[in-house]
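>>> predicted model and sequence follow; I will ask about them next.
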Amino acid sequence: MDLFTKHFTKYHLFHAPHKWFLALLVSPIHAAEIHYKKKYRLNFVHARKLFIFDIALLASIFALIGAIVFWSAYDPTITKLVALDINVAPHSATNLDNKIRSGEYVTYTSAYANNSEISLISPSLSFQLPETFIIEKTEPAELFSEQTHSFSLPDIPPGAAGAVSVTGFFYGNVNQEYHVSAVLSYNQPKRSAAEQKRTVIITTIRESILQTKINAPQYILSHGTIPISVTIKNNGGHPIADIRLPFPQEKPFIFTLGTEAPAMGIVEKNEWRILDLQPNEEAVIHASLTTALDETSSQKTLSLTPIIFVKNTPLLQSSAARAFDVVRPNVELNAAWAGGAETIGAGKTASLNLKIQNSGATELKNLKISIPIENKIINIASLRGINHGLYKDNAFIITKDYAANLAALEPNEETTLTINIPIQEFISDGIDIGLSLKPKLSADVARVANAKYEIETASPNLKIGTNLFMNAQARYYTAEGDQLGRGPLPPIVGKETKYWGIITIQNTTSRVADLNFSAVLPTDIQWTGKSSVSRGNNLAYNPETKIVSWSMPSLNPRETIGLYLELLLTPMADHIGTTPILLKNIAISARDTYISTEVTKTIPMIDASIPADKIGRSKGFAVR
């Protein structure tokens, strides 16, 4: 167009801006004309028709877009003209700051108003409450449905308003947000589609009507025990059921309950359970708090959180926190076997040396050493007899009453104790036994009242060797009454009487090697050649030395061997009235493969008095 090309210039912009602006307005027409000349007029016979068609198609597209935008923005509802509000108010007279506490008796009120020119048909107003909210009353009650938590309202004409409320107990997790919604549903006249107006209030529970308090000294020990009590009080106006308070059972804090049960509630699985707590009622439990603090902080906080169960849902209530100042007494407790011993034989006595050094900055008083004792390994009766101390509850205890140096220990002071540990002769079970004692020291700390400092150590492992037990006896009859011997009983001068010598060898805790047995026949006793063994080679006899011998390469722990031989006695006149010796110098020896030491046992002799043979002894045993 000439208008555009003539006036859309820099000159007209500054000297005739009205003409330049008019040229700008007709620029789309000019652009369409240029497009027509380039694309249509020069290339197509029906260029004008095609151009008109394209312009119509483009106009249709713009019309369709406009229709879509119109229908998207069109809202046939009147929710913008319906007002709906919700608020909450606690009923407790002591709640001055209107904070909602768990267990609080509260009222949720929802107000509505119809600001439109259309009536709201079949309206209902429902509350979406937390599952743990317990409804006590509603207003108006006759319009409320417990199943749907909704009020069925009468029709709301234009300009009408009203309010409904729900009152009950709000239980929840402390410091958690809860979204409570009010939803007004209704229909417009002559419209089947239902409309909804929704509003939400966020309620954050900051506290609980259930209050917990920790009562304990100001100071705690880095490693020790202090007395502690916990109080739970119901500050609400209604009972609370099923309260539970878990106690910590892992480092750094461990609760230990005393022998006395709490006055209220029970303790199960390290948890204090109170089945019912009335308004303004409180429950108290007493315990000991054991600490094991490895870090170097000067303060440590203990936190306990009670839990209540509402509709089988656990809800965390207000925590109780107690900050303690940490006192760090320190004792170096070392236990070692005297002489650096690493092994000991059964039936022997070991000496345990305890070195106690106060390396802290606090005086310790009333020191006590407690050593758990296994009576299957340690001879308790001998332990009491050779040491000054008290054996109680499977532990050997030494206090200042038995050792004056345990009365007090100043900083940088040290003291020692020696405790004699007698090993049992016969250890009834176990293989390759070792003994490591764990002495425990407890003491009062001067700066902390009613607190016990505790520390434990362990001695090196002491290997305990095996023991061989040998029994030797002569018999004429078995215990069941079967006759073993032959000849007169009691023996008669000049006549042969045959006895059986029975030797049993029992091994205990460790394997032995090179087991050897030997015994000597007196000059007036003859070897009949009859013998047997329960295992291994038969007995051997040397007539020149009159020595009976037997050997075995090894014997396992808890195994027993029986050796049996027949002995012939022909009494002479000088034997009358006596019980001649049948076998003497009875000995066994072996090498303990566990601690590499020799084990030997001897029995001087057995004679014709046959003390274990009640039947034979009743017939007489002295030579006639």
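Thanks, I have the structure now.
>>> okay, and the closest residue to residue 338 other than its chain neighbours sits in which element?
Spatial nearest neighbour of residue 338, excluding adjacent residues (Cβ to Cβ, 6 or more residues apart in numbering): residue 351 at 3.7 Å. The way it works is simple: take the backbone N, C-alpha and C, and place the C-beta from them, glycine included. In the assignment (DSSP states H and E), residue 351 maps to strand 349-358.
>>> show me what that strand is packed up against.
Counting by 3 or more Cβ pairs under 8 Å, 6 or more residues apart in numbering; DSSP states H and E, the packing neighbours recorded for strand 349-358 are strand 331-337, strand 364-372, strand 414-422.
>>> most tightly packed of those?
With neighbours taken as mean count of other Cβ atoms under 10 Å, those reach their highest mean count in strand 364-372, at a mean of 19.
>>> what average pLDDT does it get?
Per-residue pLDDT over strand 364-372 has a mean of 95.
>>> can you check stretch 320-330 too?
According to the model, stretch 320-330 has a mean pLDDT of 90.
>>> surely residue 602 and residue 584 touch.
No. In this structure residue 602 lies outside contact range of residue 584 using Cβ atoms under 8 Å: 10.3 Å.
>>> looking at these two, which is more packed in?
Per other Cβ atoms under 10 Å, whichever of residue 602 and residue 584 has more neighbours is residue 584, with 16 against 13.
>>> give me the secondary structure label for that one.
strand (DSSP: H, G, I helix; E, B strand; the rest coil).
>>> give me the nearest residue to it, chain neighbours excluded.
residue 605 (3.9 Å).
>>> now that neighbour: which helix or strand?
Going by DSSP H and E, residue 605 is in strand 597-607.
>>> what helices or strands is that strand leaning on?
Secondary-structure packing of strand 597-607 (3+ Cβ pairs under 8 Å, 6+ apart): strand 468-475, strand 581-592.
>>> okay, the longest one in CSV with CA atoms only?
Included here for strand 581-592 are C-alpha records, laid out as CSV according to Å, rounded to 0.1, in the frame of the first residue of the first chain:
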residue,chain,number,x,y,z
ILE,A,581,49.3,-106.3,99.6
LEU,A,582,48.1,-107.4,96.2
LEU,A,583,49.4,-104.7,93.9
LYS,A,584,51.7,-101.7,94.7
ASN,A,585,53.4,-98.6,93.2
ILE,A,586,50.4,-98.1,90.8
ALA,A,587,51.1,-95.1,88.6
ILE,A,588,50.0,-93.4,85.4
SER,A,589,51.6,-90.7,83.4
ALA,A,590,50.8,-88.7,80.2
ARG,A,591,51.5,-85.5,78.3
ASP,A,592,48.8,-82.8,78.3
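>>> need the contact list for residue 245.
By Cβ atoms under 8 Å, 6 or more residues apart in numbering, the residues touching residue 245 are 212, 230, 232, 271-272, 274, 285, 304-307.
>>> hang on, it in a helix?
No. Judged by three-state DSSP, residue 245 forms no part of a helix; its state is strand.
>>> tell me what it is bridged to.
Judged by DSSP bridges, the bridge partners of residue 245 are residue 272.
>>> could you measure it against residue 487, distance?
84 Å (Cβ to Cβ, to the nearest Å).
>>> next: residue 586.
Going from residue 586 to residue 487 by Cβ to Cβ gives 23 Å.
>>> quick one, which of those two is more surrounded?
Legend: neighbour count by other Cβ under 10 Å for residue 586 and residue 487, higher for residue 586 (21 against 15).
>>> about what we covered before: of the contacts of residue 245, which is the nearest to residue 537?
residue 271 (66.8 Å; Cβ to Cβ).
>>> which residues are in contact with the closest one?
Listed by Cβ under 8 Å, 6+ apart, the contact partners of residue 271 are 244-247.
>>> and it, how far from residue 249?
Using Cβ to Cβ, residue 271 is found at 10 Å from residue 249.
>>> again with residue 196
Separation of residue 196 from residue 249 (Cβ to Cβ): 51 Å.
>>> what about stretch 382-392, how long is it end to end?
Counting by Cα to Cα, to the nearest Å, you get 15 Å between the two ends of stretch 382-392.
>>> next, the buried residues of that stretch.
For stretch 382-392, the buried set under the neighbour-count rule, 16 or more other Cβ atoms under 10 Å, comprises 383, 387, 389-391.
>>> apart from its chain neighbours, what residue comes closest to residue 173?
Here the nearest residue to residue 173 in space, its sequence neighbours aside, is residue 316; by Cβ to Cβ, 6+ apart that works out to 4.8 Å.
>>> for that neighbour, give its distance to residue 289.
22 Å.
>>> which residue ranges form the helices in the stretch 501-624 of the chain?
Ranges of helices in the stretch 501-624 of the chain, per DSSP state H, counting those that start in this stretch, are 614-619.
>>> of all the helices and strands packed on strand 349-358, which lies closest to residue 171?
Residue 171 lies closest to strand 364-372 among these, at 47.1 Å (Cβ to Cβ).
>>> what strands flank the closest one, and is each parallel or antiparallel?
The pairing partners recorded for strand 364-372 under DSSP bridges are strand 395-398 (antiparallel), strand 408-409 (antiparallel), strand 440-445 (antiparallel).
>>> and the angle from it to strand 414-422?
Strand 364-372 runs at 20 degrees relative to strand 414-422, counting by axes from the mean of the first three to the mean of the last three Cα atoms, to 10 degrees.
>>> ok, residues contacting strand 364-372?
By Cβ under 8 Å, 6+ apart, strand 364-372 touches 329, 331, 354, 356, 358, 394-400, 406-409, 417, 419, 437-446, 453.
>>> make it 6 Å
Under the contact criterion Cβ atoms under 6 Å, 6 or more residues apart in numbering, strand 364-372 has outside partners 358, 395-399, 406, 408-409, 437, 439-444.
>>> would you mind splitting the chain into its domains for me?
The chain resolves into domains spanning 2-73, 79-207, 212-323, 331-464, 468-619 when parsed by automatic domain parsing.
>>> endpoints of stretch 340-354, how far apart?
Using Cα to Cα, the end-to-end distance of stretch 340-354 comes out at 13 Å.
>>> just stretch 393-413 next, same as before
Stretch 393-413: ends 30 Å apart by Cα to Cα.
>>> flag every buried residue along it.
Buried residues in stretch 393-413 (16+ other Cβ under 10 Å): 396-399, 403, 406, 408-409.
>>> which residues of the stretch 51-200 of the chain score low on pLDDT?
Along the stretch 51-200 of the chain, segments meeting pLDDT under 70 span 51, 67, 70-75, 93-98.
>>> mind listing the strands in it by residue range?
82-90, 101-102, 104-114, 121-128, 133-139, 144-145, 150-152, 161-170, 177-187, 194-204 (DSSP state E, counting those that start in this stretch).
>>> compare the ones you listed and give me the one nearest residue 26.
strand 194-204 (48.9 Å).
>>> how far off centre is whichever strand or helix holds residue 383?
For residue 383, the element it lies in under DSSP H and E is helix 380-386. Put simply, helix 380-386 sits 37 Å off its chain's centre (Cα atoms, centre = their mean, to the nearest Å).
>>> same check, this time on stretch 154-172
Distance, stretch centre to chain centre, for stretch 154-172: 50 Å (Cα atoms, centre = their mean).
>>> how about that stretch: buried residues?
156, 162, 164-172.
>>> output it as PDB, restricted to C-alpha atoms.
The C-alpha coordinates for stretch 154-172 follow below in PDB (Å, rounded to 0.1, in the frame of the first residue of the first chain):
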ATOM      1  CA  PRO A 154     -32.000 -27.000  55.100                       C
ATOM      2  CA  ASP A 155     -32.000 -25.100  51.900                       C
ATOM      3  CA  ILE A 156     -30.000 -21.800  52.100                       C
ATOM      4  CA  PRO A 157     -31.800 -18.900  50.500                       C
ATOM      5  CA  PRO A 158     -29.900 -15.900  49.100                       C
ATOM      6  CA  GLY A 159     -28.400 -13.800  51.900                       C
ATOM      7  CA  ALA A 160     -28.900 -16.500  54.600                       C
ATOM      8  CA  ALA A 161     -26.000 -17.600  56.900                       C
ATOM      9  CA  GLY A 162     -25.400 -20.200  59.700                       C
ATOM     10  CA  ALA A 163     -22.800 -22.200  61.600                       C
ATOM     11  CA  VAL A 164     -22.300 -25.800  62.800                       C
ATOM     12  CA  SER A 165     -19.700 -27.100  65.300                       C
ATOM     13  CA  VAL A 166     -18.000 -30.300  66.400                       C
ATOM     14  CA  THR A 167     -16.600 -30.700  69.900                       C
ATOM     15  CA  GLY A 168     -14.300 -33.400  71.100                       C
ATOM     16  CA  PHE A 169     -10.800 -34.500  72.200                       C
ATOM     17  CA  PHE A 170      -8.000 -33.800  69.800                       C
ATOM     18  CA  TYR A 171      -5.300 -36.400  70.200                       C
ATOM     19  CA  GLY A 172      -2.200 -36.300  68.000                       C
END
